[in-house]
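> Curious how this folds, go ahead:
(chains A and B)
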Amino acid sequence: MGLLSKKDAKLITDPLSDDNPITIQVLGICSALAITAELEASIVMAVSVMFVLGVGNVVISLMRNIIPSKIRIIVQLIVVATLVIIVDLVLKAFAYELSKTLSVFVGLIITNCIIMGRFEAFALANGPWRSFLDGIGNSLGYGLILILVGFFRELLGSGTLLGYKVLGDPIELTGLYAFGYENNGFMLLSPMALIIVGLIIWVQRARNPSLIEDE
Amino acid sequence: MEQLELFFKSIFIDNMVFATFLGMCSYLAVSKKVKTAVGLGAAVIFVLAVTVPLNWLLDQYILRDGALVWLGPEYAQYDLSFLSFILFIATIATMVQLVEIVVEKFSPSLYNSLGIFLPLIAVNCAILGGSLFMQSREIETLGLALNYGISSGIGWFLAILAIAAIREKIRYSNVPGPLRGLGITFIITGLMAIGFMSFGGMLTTSGENEEATSETTVSKTEGINKEKNESTQIVEVSTIKY
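So this is what the prediction gives:
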């Protein structure tokens, strides 16, 4: 990382593992769970959040000295809402089908706690470049979990990845299906998203015992 | 009849937490104790009951395609629905602020119990989600919108109450280290969501008579209790294994 100093690089790498927004900071769960039945939707969601968080962090960071602290929540909400409208209109224009699948969850990026959480915790106290890196890092960490969950749910639930039939054809009985394999339709239902995230948390904390909570 | 159907549908079948995962962040963060969970749940019901009808009016008379026609026929071609996110969230943020001020003025005791939760609520996805679902499901009358707000709030309340009760109990169980806290909460919520899915078959026909609905409500409340016990049992069994 010649471009970034060590401290700046940490801003990007930390949220990917030990400070992951979903599994450690517990932010932005709603959208992470609802739209992950397909890998494609997860990727689009991750990219949208990256755009909103990256740009939003910079905007808030530039305005941090002129926002009165009493009304900062409303100011932040307006900034996010504007960015989300852009995302929504772009999706409707270029990927109409997908925007139907994501339905209200594009709008719910506004109240995605990751965004408000990062604004409050980081952008209000740091300069634009560092805030931008923080935004990108956190949305990467968020996207990573989303894509992981989407990958498992689509692969096990419908036997496809991004719509390609990677496990063979269930009707013509090719590939794995020739051996009597069947799709687990349960993976497509919403509760499994919760359980998969639970398992991801389990694996992560088992690998790094310092993250274990003592309740 | 329509009202009753919507009421039970939004509490059980389309439960905000278990079917659409709205408000998960505060659901996970504030469910450590039953007492605080009740406070937040009550605040959510309250705010949803205020904001959903308000946003319904906004949607009906300002935002949707041709909604401005009451200003005069020349305004009929305007479609402002792209503004709905920003207007909805502005309404919610101001209403939350307003509710906070009013409650503080008139009922200090309620303010003390709800107080800290109210600012949290402005950024709770359940609130904005309520308004957005109200818009996308095309709820027809103001009364139904009010009903939708209250009943989805009750659904959220039930969910957070249940998980808080389970988490209070689970503190005495020997959960494997890495799962402790967040991990096991996720898995319990998943199991509860599976339980709630069984409500899905209940209101399939729209022409049910009064009697049938009252019967289903009884079985529903039983279902919840049973399901609560079940999920605690499952957890207990799984802890014994380890």
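> the residue most distant from the middle of chain B, which is it?
Distance to the chain centre peaks in chain B at residue B:74, reaching 39.2 Å (criterion: Cα atoms, centre = their mean).
> residue boundaries of the helices in chain B?
B:2-8, B:16-20, B:24-29, B:34-58, B:84-106, B:108-114, B:117-121, B:125-136, B:142-170, B:182-197, B:210-241 (DSSP state H).
> Redo these as JSON lines? Include distance to residue A:169, mean pLDDT and mean neighbour count.
Heads up, the C-betas are built off the backbone N, CA and C, glycines and all. Shown next, in JSON lines, are these (distance: least, Cβ to Cβ, whole Å; pLDDT from 0 to 100; neighbours: other Cβ atoms under 10 Å in any protein chain shown):
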{"stretch": "helix B:2-8", "distance to residue A:169": "41", "mean pLDDT": "84", "mean neighbour count": "17"}
{"stretch": "helix B:16-20", "distance to residue A:169": "32", "mean pLDDT": "83", "mean neighbour count": "25"}
{"stretch": "helix B:24-29", "distance to residue A:169": "36", "mean pLDDT": "80", "mean neighbour count": "24"}
{"stretch": "helix B:34-58", "distance to residue A:169": "46", "mean pLDDT": "86", "mean neighbour count": "22"}
{"stretch": "helix B:84-106", "distance to residue A:169": "41", "mean pLDDT": "82", "mean neighbour count": "18"}
{"stretch": "helix B:108-114", "distance to residue A:169": "56", "mean pLDDT": "73", "mean neighbour count": "14"}
{"stretch": "helix B:117-121", "distance to residue A:169": "49", "mean pLDDT": "70", "mean neighbour count": "19"}
{"stretch": "helix B:125-136", "distance to residue A:169": "34", "mean pLDDT": "84", "mean neighbour count": "26"}
{"stretch": "helix B:142-170", "distance to residue A:169": "40", "mean pLDDT": "90", "mean neighbour count": "22"}
{"stretch": "helix B:182-197", "distance to residue A:169": "29", "mean pLDDT": "86", "mean neighbour count": "23"}
{"stretch": "helix B:210-241", "distance to residue A:169": "36", "mean pLDDT": "45", "mean neighbour count": "13"}
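> Export those helices as a markdown table, with columns for distance to chain A.
Listed next are those as a markdown table, based on distance: least, Cβ to the nearest Cβ, whole Å:
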| stretch | distance to chain A |
| --- | --- |
| helix B:2-8 | 18 |
| helix B:16-20 | 6 |
| helix B:24-29 | 4 |
| helix B:34-58 | 12 |
| helix B:84-106 | 4 |
| helix B:108-114 | 17 |
| helix B:117-121 | 7 |
| helix B:125-136 | 4 |
| helix B:142-170 | 8 |
| helix B:182-197 | 3 |
| helix B:210-241 | 12 |
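> Adding distance to residue A:66, write the ones you listed out as CSV.
Listed next are the helices of chain B as CSV, based on distance: least, Cβ to Cβ, whole Å:
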stretch, distance to residue A:66
helix B:2-8, 45
helix B:16-20, 36
helix B:24-29, 28
helix B:34-58, 29
helix B:84-106, 19
helix B:108-114, 31
helix B:117-121, 21
helix B:125-136, 26
helix B:142-170, 36
helix B:182-197, 37
helix B:210-241, 49
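> low-scoring stretches of chain A, by residue?
Residue ranges of chain A with pLDDT under 70: A:1-4, A:213-215.
> Which stretches in it count as helices?
Under DSSP H, chain A gives helices at A:6-13, A:29-34, A:39-63, A:72-94, A:96-102, A:104-107, A:113-118, A:128-158, A:190-207.
> Pick the most deeply packed of these.
helix A:29-34 (a mean of 28; mean count of other Cβ atoms under 10 Å in any protein chain shown).
> Tell me which other helices or strands it touches.
helix A:104-107, helix A:128-158, helix A:190-207, helix B:24-29, helix B:125-136 (3 or more Cβ pairs under 8 Å, 6 or more residues apart in numbering or on different chains; DSSP states H and E).
> Go through the ones you listed and name the closest to residue A:10.
Of all those, helix A:128-158 sits nearest to residue A:10, with 8.6 Å by Cβ to Cβ.
> Mind checking if the closest one is in reach of chain B?
No - Helix A:128-158 stays clear of chain B (Cβ under 8 Å from any Cβ of the partner chain), getting no nearer than 11.4 Å.
> Out of the helices and strands packed on helix A:29-34, the one nearest residue A:26 is which?
helix B:24-29 (5.5 Å).
> what's the offset of that closest one from the middle of its chain?
Centroid displacement of helix B:24-29 relative to its chain, using Cα atoms, centre = their mean, to the nearest Å, is 12 Å.
> Not counting its own residues, what contacts it?
For helix B:24-29, the surrounding residues in contact (Cβ atoms under 8 Å, 6 or more residues apart in numbering or on different chains) are A:26-30, A:33, A:113, B:17, B:40, B:120-121, B:124-126, B:156, B:159-160, B:163, B:182, B:185, B:189.
> Please export the C-alpha coordinates of that helix as CSV.
What follows is helix B:24-29, C-alpha atoms only, in CSV (Å, rounded to 0.1, in the frame of the first residue of the first chain):
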residue,chain,number,x,y,z
MET,B,24,-32.9,-5.3,13.9
CYS,B,25,-30.2,-3.0,15.1
SER,B,26,-32.1,-1.7,18.1
TYR,B,27,-33.7,-5.1,18.5
LEU,B,28,-30.3,-6.6,19.1
ALA,B,29,-28.9,-3.7,21.0
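> gap between residue A:40 and residue B:149?
According to Cβ to Cβ, to the nearest Å, residue A:40 and residue B:149 sit 33 Å apart.
> should've said residue A:36
For residue A:36, the distance to residue B:149 equals 28 Å [Cβ to Cβ].
> now residue A:17
Residue A:17 is 40 Å from residue B:149, by Cβ to Cβ.
> how about residue A:180, phi and psi?
Phi and psi for residue A:180, reported as degrees, to the nearest 10, are phi 90, psi 10.
> My read is that residue B:160 contacts residue B:41, right?
Yes - assessed by Cβ atoms under 8 Å, residue B:160 is found in contact with residue B:41 at 5.0 Å.
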